[in-house]
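1. coords please:
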Amino acid sequence: MSEPRTLPRESSEHPATGAAILRPFRRYVTGFVNCHDFSILPRIMHSDYRLFTSGMTVAGRDDAYKSAVARQLEQFPGLLFTLHEILVTGAHICVRFTEHGASRLHDNARAAWTSIAIYEVSGGLMSSCTIEQDYFSRRRQLIDGQPMAVDPPAIAPWDEAEQMPDRDAEKIVRDWLNSGDWLDCKDVMLDDESATGKRERIIDGGSVEIDLIVSGGGRVAFHAVHSGNLAPDFGEVSGAAEQPVSIHMSGLVTVDKGRVVAGHIIRDRWGLYRRLSKGNRR
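-> I've put the predicted structure just below:
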């Protein structure tokens, strides 16, 4: 079942070897997602595995999580997972990836949607995933028939070395998010901006609350909630402008010489759009 996520979590201070941490995640990508083989799950994932996304918790490997993935694979029978970036630090694996395929519910229209996730591994098995996925972009692609190009894959993701936590980089990213500078930072891509050429303003100003942040080697991954007043005409929802809203987001950015110099942020535009649409119908 789904339940609200309430407890913040911090990164681990006790790193393990990168190869050991990566082993279940590698099988997750190559054996489970890309081969659609559900039988592998007990060998790579704890039974109480939890997925945190869009302000909700999908709890239980063999119940809600398995059902959610099965529905997606039924809609996209040829779905593939392409990994672009990976950061291994402590008990966490931070990644940017794209899922892509043809939807049987849309006359086999193609789409590619990006996600940024922080996976946690304990006892040699995956225990949780904190993620935001750009389903808003997927919806647009399926409607207009113009699929987004998939970014190049990481060259050697399974050889990624483990990085020690970088608290200085974390502080720089915290300050950057709290200041609001990230909203206009041209060095960091928001959502599907690289494909559409449009940088969408969802909330004017507002505040950011970080609930998970991990770091290593000058890179920082985070999950946060951006709250404030809705910008005009977001997502074709009329009459909703300036009302207070919140949107969940995840990011993977690079820090160099005291500032954020590159990265990506994915915001849960689809979840916000659905909440606003339901509110208008009521």
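
2. how about the strands in this protein?
-> Assigned by DSSP state E, the strands in the chain fall at 2-4, 45-53, 56-59, 80-89, 92-103, 109-122, 125-133, 188-190, 203-216, 219-230, 244-256, 259-267.

3. Partner strands of the last one, with direction?
-> For strand 259-267, the pairing partners within the sheet under DSSP bridges are strand 188-190 (parallel), strand 244-256 (antiparallel).

4. Those strands: which one's closest to Thr82?
-> Checking the strands paired with strand 259-267 against Thr82 by C-beta to C-beta gives strand 244-256 as the closest, at 15.2 Å. Every C-beta, even on glycine, is put in place using the N, C-alpha and C of the backbone.

5. Which of the helices and strands in the chain ranks last by mean pLDDT?
-> Ranking every helix and strand in the chain by mean pLDDT, DSSP states H and E puts strand 2-4 at the bottom, with a mean of 43.

6. Worst mean pLDDT among the strands of the chain?
-> Comparing mean pLDDT across those, the lowest value falls on strand 2-4: a mean of 43.

7. For stretch 143-150, measure first residue to last.
-> In terms of C-alpha to C-alpha, to the nearest Å, the two terminal residues of stretch 143-150 are separated by 18 Å.

8. Columns mean neighbour count and distance to Trp182 on top of the strands paired with strand 259-267, output as JSON lines?
-> Converted to JSON lines, these look like this (neighbours: other C-beta atoms under 10 Å; distance: least, C-beta to C-beta, whole Å):
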{"stretch": "strand 188-190", "mean neighbour count": "20", "distance to Trp182": "6"}
{"stretch": "strand 244-256", "mean neighbour count": "21", "distance to Trp182": "8"}
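
9. I'd say Ile131 and Thr53 touch.
-> Yes - look at Ile131 against Thr53 with C-beta atoms under 8 Å: they come within range, at 5.1 Å.

10. Relative to Asp268, how far out is the closest residue to Glu209 other than its chain neighbours?
-> With sequence-adjacent residues excluded and distances taken as C-beta to C-beta, 6 or more residues apart in numbering, Glu209 is closest to Val225, at 4.9 Å. Remark: distance between Val225 and Asp268 (C-beta to C-beta, to the nearest Å) = 10 Å.
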